[in-house]
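# Attaching a predicted model along with its sequence, questions to come.
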Amino acid sequence: MRLFTFYMFNANGECMYQREWSRERASADEETEHKTLFGLFFTLKDFAKQLDPLGGAEGPCNFYAFTTNNYKLHFFETATGLRLLLTTDESAGDLRAFMKHIYSNIYIEYIVKNAALEPMKPFASDAFTAALDAYTAYFNA
């Protein structure tokens, strides 16, 4: 599996963190890209709920990923509205557990428990980036 990019958004749609591992095309406008990604996530989540043929009878309908011919975009949302988006090659499987680990074991440990940083706000943390890179290195082939 090849990892391309990773984004974290707060409930207001503000990009808190971005990491690129293997991106061949640079973003022409980072702010527009962030707004587009957050809007896409919000729209697809709502769309999935509207199309739910069971009307929520089996629990809330959630949207986890979509695949194009070039990449797969994975979504993970927490109860607090934190949204994690990850792009990988199109062959990647279900990465919900992978993304939950990033949230539970890296974000919580290095950002939420850090008194110098404010959760749900944009941050720069070498320790977070190092832990994220160490964890993803195993999967990023």
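Yep, that arrived.
# And residue 6, how far from residue 124?
Separation of residue 6 from residue 124 (C-beta to C-beta, to the nearest Å) stands at 15 Å. Using the backbone N, CA and C atoms, a C-beta is placed for each residue, glycine as well.
# And residue 95, by the same measure?
25 Å.
# Longest helix in the chain, please.
For the chain, the helix that runs over the most residues, judged by DSSP state H, is helix 30-51.
# returning to what we had before: more crowded one of residue 95 and residue 124?
Neighbour totals were compared for residue 95 and residue 124, and residue 95 leads with 22 against 8 (other C-beta atoms under 10 Å).
# helix/strand/coil for the closest residue to that one other than its chain neighbours?
In space, and not counting its chain neighbours, residue 95 is closest to residue 74: 4.8 Å by C-beta to C-beta, 6 or more residues apart in numbering. Put simply, residue 74 is strand when judged by DSSP: H, G, I helix; E, B strand; the rest coil.
# name the helices or strands packed onto the lowest-mean-pLDDT helix or strand in the chain?
Lowest by mean pLDDT, DSSP states H and E among the helices and strands of the chain is helix 30-51, with a mean of 81. When contacts are defined as 3 or more C-beta pairs under 8 Å, 6 or more residues apart in numbering; DSSP states H and E, helix 30-51 packs onto strand 3-9, strand 15-20, strand 72-77, strand 83-88.
# Could you list the buried residues of that helix?
34, 37, 38, 41, 44, 45 (16 or more other C-beta atoms under 10 Å).
# I'd like the distance between the nearest residue in space to the first one that is not next to it in sequence and residue 96.
Distances taken as C-beta to C-beta, 6+ apart place residue 15 nearest to residue 34, at 4.2 Å, with adjacent residues excluded. Distance of residue 15 to residue 96, given as C-beta to C-beta: 21 Å.
# Between the two, which is the more surrounded one?
Between residue 15 and residue 96, counting by other C-beta under 10 Å, residue 15 is the more crowded of the two (19 against 14).
# Surely the more buried one is in contact with residue 9?
Yes: assessed by C-beta atoms under 8 Å, residue 15 is found in contact with residue 9 at 5.6 Å.
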